[in-house]
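> please work out how this folds:
(one chain, ligands or ions: 1)
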Amino acid sequence: MSVPPSDTSKRPTQAEAEQAVRTLLRWAGDNPDREGLHDTPARVARAYTEFFCGYEIDPAALLRRTFSEVEGYDEIVLLRDIRFESHCEHHLAPIIGRAHVAYLPRQRVVGISKLARVVDAYAKRLQIQERLTAQIANTINDELEPHGVAVIIESSHECMTTRGVHKPGVSMVTSTMLGVFRENSDTRRELMAMLNRPAACEF
Ligand SMILES: Nc1nc2c(ncn2[C@@H]2O[C@H](COP(=O)(O)OP(=O)(O)OP(=O)(O)O)[C@@H](O)[C@H]2O)c(=O)[nH]1
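Okay, the predicted model is just below:
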């Protein structure tokens, strides 16, 4: 379920994007020509480039550099507490959360930063959390062909805190378990024990 980067040739121009922001400023009830808002359309267009840079990244390609000389290591690799920032596709509101990514290597391992890069490549798009979770897991599964992959995401959705139902403090938790993590309850338990251990380092 790895999604190819979108067709950027169909993107509007920067001037069109800025014009759309001016329309939204007027929709909000303000005057885009007043001094304080003069540069806002350009700033918002720049911010969108940053928020949604994941469309320019092929997540699978991030996992192509692997290391096979890992003799003697045949246990779970877990990268936990990967902070990410995303936006929900329903309200364009921020989703702020942490992802925990684990896999049980078959032969090849990948540089751990690449797991965090895969998280960001999908997070920096318009998302719903269930799809974000599944995309990360499926991409790792397809590229590394490990014995199993587990992705757990905990996050806060600002569309639920700053608008709408207004419920701060609520977190959404999703998981995708593939291979041994899905089939073997002992392996899943081992992962949960690793996740529940206190962090070894302060951030
Ligand atoms: N399952 C899921 N729902 C999400 C996610 N992000 C936002 N939502 C929800 O998407 C739903 C969209 O519901 P709608 O009824 O179409 O929109 P709305 O009228 O703005 O809904 P309210 O947020 O209840 O005001 C809301 O219930 C959001 O809380 C997500 O990642 N996963």
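> measure the residue nearest to the spatial centre of the chain to residue 97 for me?
By Cα atoms, centre = their mean, the chain has its centre lying nearest to residue 123, at 2.6 Å. Residue 123 sits at a distance of 8 Å from residue 97 (criterion: Cβ to Cβ, to the nearest Å). Bear in mind the C-beta positions are built from the backbone N, C-alpha and C, glycine included.
> what domains does the record give for this structure?
For the chain, automatic domain parsing gives the domain ranges 9-51, 61-196.
> ok, back up a step: what sits in contact with each of residue 123 and residue 97?
Each of 84, 86 lies in contact with both residue 123 and residue 97 under the rule Cβ atoms under 8 Å, 6 or more residues apart in numbering.
> could I get the domains of the chain as a markdown table with distance to the ligand and mean pLDDT?
Compiled in a markdown table, the domains of the chain are given as follows (distance: least, Cβ to the nearest ligand atom, whole Å; pLDDT from 0 to 100):
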| stretch | distance to the ligand | mean pLDDT |
| --- | --- | --- |
| domain 9-51 | 15 | 96 |
| domain 61-196 | 3 | 96 |
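> looking at those, which is buried most?
Comparing the domains of the chain by mean neighbour count (mean count of other Cβ atoms under 10 Å), domain 61-196 comes out on top with a mean of 17.
> how far off centre is that one?
8 Å (Cα atoms, centre = their mean, to the nearest Å).
> against which helices or strands is the helix or strand harbouring residue 97 packed?
Assignment of secondary structure by DSSP states H and E places residue 97 within strand 94-104. Here strand 94-104 touches strand 77-88, helix 112-123, helix 129-144, strand 148-157, helix 158-161, helix 180-183, helix 185-196, going by 3 or more Cβ pairs under 8 Å, 6 or more residues apart in numbering; DSSP states H and E.
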